[in-house]
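# Quick one: sequence plus predicted model below, questions after.
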Amino acid sequence: MSILVNKDTKVIVQGFTGKEGTFHSEQCMEYGTQIVGGVTPGKGGMEHLGKPVFNTVEEAVKNTGATVSMIFVPPAFVSDAVMEAADAGIELAVIITEGAPVKDMMYAKMYATKMGMKTIGPNCPGIITAEECKIGIMPGFIFKKGNVGLISKSGTLTYEASNQVVQEGYGITTAVGIGGDPIIGLSYKQLLPMFEADPETEAIVMIGEIGGTLEIEAAEFIKENIKKPVVAFIAGQTAPKGKRMGHAGAIISGGSGTAAEKMAALEAAGVSVVKSPADIGKTVAEVLKNK
Amino acid sequence: MNIHEYQAKEIFKKYGVPTPRGIVASTPEEAVEAAKELGGNLWVVKAQIHAGGRGLGGGVKLAKSLDEVKEWASKILGMTLVTHQTGPEGKVVHKVYIEEGADIQSEYYLGMVLDRAKEMPVMMASTEGGMEIEEVAAKSPEKIVKVAIDPTIGFQGFHGRKLAFGLGLPKEEIGTFIKFAKALYNVYMDNDAEMIEINPLIKTGDGKFLALDAKMGFDDNALYRHPDIEAMRDLTEEEPTEIEAKKYGLSYIKLDGNVGCMVNGAGLAMATMDIIKHEGGEPANFLDVGGGANPETVAKGFEIILKDPNVKAIFVNIFGGIVRCDRIANGILKATEMVDVKVPVVVRLDGTNAKEAAEILKNANIENIIPAKDLADGARKAVEAARG
């Protein structure tokens, strides 16, 4: 089992024929992901990586039965692409694109929600169900199959955490990179209950960072609803106030959104919060042994 | 990206957000000309820097004659203004804004930001004009009225009424206030603003609302569609090394410690700073080499880190996914050819092509490159190396 995606998931790629789209689609196919086609307006009828290219998402969905779209279009066109996916009845859009304007994502997410489409990202590594389905840009080989669910705002820190879990002899069910922009799709609060309901997931790793209140909301949610052990790390304990730390949303504004307040809230909710990012794997092993 | 008060007020004017009349000046002579053009017998000379608290720092002065305008402009232009927002090093004032004096009857606060939890913009108003909104929020949150505005319906009358009645305005002033707030909403949405603060918003003796101060920040990701705003960028307000880093696709922020960091990915870069602190050291910087790192950008990264004389060791922490470790290893080698790296460099490479990378570094046999086996090992070695 897993959450959201598995070996049967049919995926199309928006921005299929571009450089990034091509490279990562190929990687995903190699991993075993069922990429059934792609969309590049004006290139409909072509074949790319052995799969059909369509002019619109609607056509792609009609012809392939895809339920998930992986989006690589440039930032200026990303909200349009997301809304097109929602309009075409896609169930989950995984938005890899970095640099989308906040206002665009605000409208795109509102429309996606209205149409019942889930989104992941933007500016994220994507989602991977270990050894089944990779929809994104993460190096697949790090994610060995196991019983730990992973939710993270950061790409490379996701790889780091998974690697540590694997080093300890455990593995991953599904890892979701939710992205660090000010407005993102699925977040801890929506993903935690999915992991809670997944029979294979026995522990959850949650990686957060400074800025915003998602981790605080997650803490409140965990307290009431999550029985499985949760291990958390919050990046940016040493980040200065008022500085944007790489991710558009990673900023302590007006003294709020600090790592300290998020760590305290999670601890109060019974989460095992690690101070050092090197202790994630170790702590996962401990909570699983103590179960 | 942030802009100056005078620039924000230019934008305000276009949208019908009333402000006092003013003219920007770069010399005391220009300041006097500006005051003459504005007319009247009372002017305010205001330092233009990207930080609040200018008044307390001595950067805002009232002038009752043209001689006083000249005197204050001479004093303020070129001064290093230190406020609670500039840091102890302060900021040099290159421009002053000469503004007509206003008849202040009452002061308010009006601002807009993105409410990340609600995922829509929120407008905030308070009767505590002149005070920092964070301080008001901490001490007397009941004095802040907030309305989240769903952009699909836009700014409606009820949004304005909630704010106006919340501020306790008498009913004959409600209409004027709503017109002001609605215009401000348009400024925010049309320009992809990230933040607008009017502090204070004043009501004059004749019942007008005026933006006495104006602060604006913009979404960097949206600047491509606002060349007029991009043109307002004042590079003297930004950290030169940060600007240079950006040119090469690097994201750099200088900090106060002595362990330089070069990392891929913003989250891991923050985590690397955290673990250095955890191991008893102090990070010298945040540096994300990004997804497109190549030997040139890595070499540039070294150059930028080494501009800081405090750096006594560098920790290269790369988890290769998109960025392959062999490319980083080549980058490190190339960098040692291009830049004279005298300090020890602790290198931890893991992920895609990590083995090849280790091989490359080993074969190069460079004395000050110290390999590390994992994150904790690397941090420990880097902290130790920085101690000397």
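That came through, no problem.

# Now the stretch 1-150 of chain A against chain B: closest residue?
At 3.6 Å from chain B, residue A:101 is the closest residue in the stretch 1-150 of chain A, using Cβ to the nearest Cβ. In short, each C-beta sits where N, CA and C put it, glycine included.

# Tell me if residue A:124 really is in a helix.
No: counting by DSSP: H, G, I helix; E, B strand; the rest coil, residue A:124 is not found in a helix; it is coil.

# If you tally nearby residues, what's the number for the residue of the stretch 1-150 of chain A closest to chain B?
Neighbour count for residue A:101, taken as other Cβ atoms under 10 Å in any protein chain shown: 23.

# Return the residues in contact with it.
Residue A:101 makes contact with A:75, A:79, B:192, B:219, B:221, B:222, B:225, according to Cβ atoms under 8 Å, 6 or more residues apart in numbering or on different chains.

# again, but for residue A:180
Residue A:180 neighbours (Cβ under 8 Å, 6+ apart): A:123-124, A:153-154, A:209, A:211, A:246-250, B:266-267.

# and the residue lying closest to it once chain neighbours are set aside, helix, strand or coil?
Nearest non-adjacent residue to residue A:180, counting by Cβ to Cβ, 6 or more residues apart in numbering or on different chains: residue A:247, 3.0 Å away. Using three-state DSSP, the secondary structure recorded for residue A:247 is coil.

# From residue B:210, how far off is residue A:247?
Distance from residue A:247 to residue B:210, counting by Cβ to Cβ, to the nearest Å: 37 Å.

# So for those two, which residue has more residues nearby?
residue A:247 (29 against 20).

# Isn't that one up against residue B:266?
Yes: contact criterion Cβ atoms under 8 Å: residue A:247 and residue B:266 qualify, at 4.6 Å.

# Look up phi and psi at the residue in chain A that chain B sits nearest to.
Here chain A gets closest to chain B at one residue, residue A:154, 2.0 Å apart by Cβ to the nearest Cβ. Main-chain dihedrals, residue A:154, degrees, to the nearest 10: phi -120, psi 140.

# pretty sure it contacts residue B:263?
No: here residue A:154 does not reach residue B:263: they are 10.7 Å apart, not a contact under Cβ under 8 Å.

# Helices of chain B, start to end?
B:5-14, B:28-38, B:66-76, B:133-139, B:157-166, B:171-190, B:227-230, B:240-247, B:266-278, B:295-306, B:325-338, B:354-364, B:375-387 (DSSP state H).

# winner for burial among those?
Of all the helices of chain B, helix B:266-278 has the most neighbours on average by mean count of other Cβ atoms under 10 Å in any protein chain shown, namely a mean of 29.

# Quick one: list the elements packing against that one.
Applying 3 or more Cβ pairs under 8 Å, 6 or more residues apart in numbering or on different chains; DSSP states H and E, one finds that helix B:266-278 contacts helix A:155-167, strand A:203-209, strand A:230-235, strand B:259-263, strand B:285-288, strand B:313-320, helix B:375-387.

# need the contact list for the residue with the shortest distance to the centre of chain A.
Against the mean C-alpha coordinate of chain A, by Cα atoms, centre = their mean, the closest residue is residue A:177 at 2.8 Å. Counting by Cβ under 8 Å, 6+ apart, residue A:177 makes contact with A:120-121, A:124-127, A:136, A:138, A:152-155, A:158.

# Residues in a beta bridge with it, which ones?
residue A:126, residue A:152 (DSSP bridges).

# hmm, what's the outermost residue in chain A?
residue A:45 (31.0 Å).

# isn't it right next to residue A:53, touching?
Yes: assessed by Cβ under 8 Å, residue A:45 is found in contact with residue A:53 at 7.1 Å.

# Count the residues that sit near the closest residue to residue A:127 other than its chain neighbours.
Nearest-residue entry for residue A:127: residue A:176, 4.8 Å, with adjacent residues in sequence omitted and distances by Cβ to Cβ, 6+ apart. When counting by other Cβ under 10 Å, one arrives at 31 neighbours for residue A:176.

# so what pLDDT did residue A:176 get?
We have a pLDDT of 98 for residue A:176.

# circling back: how close does the residue of the stretch 1-150 of chain A closest to chain B sit to residue B:82?
Residue A:101 is 34 Å from residue B:82, by Cβ to Cβ.

# And residue A:3, by the same measure?
As judged by Cβ to Cβ, residue A:3 and residue B:82 stand 52 Å apart.

# Pick out whichever of those two has more residues nearby.
A count of neighbours by other Cβ under 10 Å puts residue A:3 above the other of residue A:3 and residue B:82, at 23 against 18.

# Run a quick neighbour tally on residue 213.
Just going to use chain A. By other Cβ under 10 Å, neighbour count at residue A:213 equals 17.

# try again with chain B
When neighbours are counted by other Cβ under 10 Å, residue B:213 comes out with 23.
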